[in-house]
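> this one's structure only:
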Ligand SMILES: [Zn+2]
């Protein structure tokens, strides 16, 4: 007999864009309609999952017993303005904190790193980021230029990691301790990430899973890739 019931579960959900594409854009898998997002949050609540903040996650890495038995962290990559205009009102309905990872070279600009692959979308400016911070969305690093870290030489990787952390720390007057790898780049050298001062980092892939028990690899934390058709129930119930 397993005693799965007593093992703590940590689900980290990885979203990109909530709501419809901007005018002139097109639908892609990375857009989750607001109604779908709301129903995913509602389902988690109904199943007894408790939303945690980035700060609670960081504490939980040191003290696993501080986390609820079923903890869920909602994350957004790239820092789209729709996180503020569409996702935040949804999050507030559930008192749900979240984390947002953005590449600092694009603050107040758009996702030119995605050119030709995804529609152009505005990325939050500093005022937007401060509003998100005040409303429970913790802003964290997604490097500076949104390139595959594993394809860069060590000096450039270090610059990407340190520069984005320093820019966010100066702009938001807080410590930046979390990183999400652009493209979920699992081949990144974690020694460089640790040296740059991050305490944990997140992957992003279709085979993401729920973490059961204490987190053993803080620099390769799996996330569930969230799209409009993600079968959240299947992910959360798999053993
Ligand atoms: Zn990204």
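Sure, I can see it. From a predicted model like this one, the values you see are computed outputs, not experimental measurements.
> Endpoint to endpoint, stretch 197-216 covers what distance?
18 Å (C-alpha to C-alpha, to the nearest Å).
> do the same with stretch 40-53
One end of stretch 40-53 to the other measures 17 Å (C-alpha to C-alpha).
> let's have the chain start at 57 instead
Shifting the count to begin at 57 puts that one at stretch 96-109.
> same question for that stretch, mean pLDDT?
Averaged over stretch 96-109, pLDDT sits at 96.
> For that stretch, which residues meet the burial criterion?
For stretch 96-109, the neighbour count (16 or more other C-beta atoms under 10 Å) marks 96-97, 100, 105, 107-109 as buried. For glycine as for every other residue, the C-beta is placed from the backbone atoms N, C-alpha and C.
> cool, and stretch 166-176?
Neighbour-count burial for stretch 166-176 [16+ other C-beta under 10 Å]: 166-167, 169-170, 174-175.
> Is any residue of that stretch near the ion?
No: residues of stretch 166-176 contacting the ion under C-beta under 5 Å from the ion: none, with a closest distance of 7.6 Å.
> outside of that stretch, which residues touch it?
Residues from elsewhere that reach stretch 166-176, judged by C-beta atoms under 8 Å, 6 or more residues apart in numbering: 77-78, 80-82, 84, 86, 134, 136, 159, 162, 177-179, 201-203, 238.
> What of stretch 204-211?
With C-beta under 8 Å, 6+ apart as the test, stretch 204-211 has contacts from 199, 213, 216-217, 237-239, 241, 243-245, 248.
> Format these as TSV; extra columns: neighbour count, pLDDT and secondary structure.
As requested, those are exported to TSV (neighbours: other C-beta atoms under 10 Å; pLDDT from 0 to 100; DSSP: H, G, I helix; E, B strand; the rest coil):
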residue	neighbour count	pLDDT	secondary structure
199	27	98	coil
213	21	96	helix
216	26	97	helix
217	24	97	helix
237	24	97	coil
238	22	97	helix
239	18	94	helix
241	17	92	coil
243	9	87	coil
244	25	87	coil
245	15	90	coil
248	19	95	helix
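> Let me have those residues in a markdown table, adding distance to residue 127 as columns.
Formatted as a markdown table, the contacts of stretch 204-211 follow (distance: C-beta to C-beta, whole Å):
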| residue | distance to residue 127 |
| --- | --- |
| 199 | 26 |
| 213 | 30 |
| 216 | 29 |
| 217 | 26 |
| 237 | 21 |
| 238 | 25 |
| 239 | 26 |
| 241 | 25 |
| 243 | 28 |
| 244 | 25 |
| 245 | 28 |
| 248 | 28 |
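> So which of the residues you listed is the closest to the ion?
Nearest to the ion among the contacts of stretch 204-211: residue 238, at 4.9 Å, using C-beta to the ion.
> Quick check: chain neighbours aside, which residue is closest to that closest one?
Leaving aside its chain neighbours, residue 238 sits nearest to residue 202 (4.6 Å; criterion: C-beta to C-beta, 6 or more residues apart in numbering).
> circling back to that earlier point, so which of the contacts of stretch 166-176 also contact the ion?
134, 238.
> Which two among the contacts of stretch 204-211 are spaced furthest apart?
For the contacts of stretch 204-211, the maximum inter-member distance is 16.4 Å, found between 239 and 248 (C-beta to C-beta).
> how deep is residue 85 tucked in, by neighbour count?
Look at residue 85: counted by other C-beta atoms under 10 Å, it has 14 neighbours.
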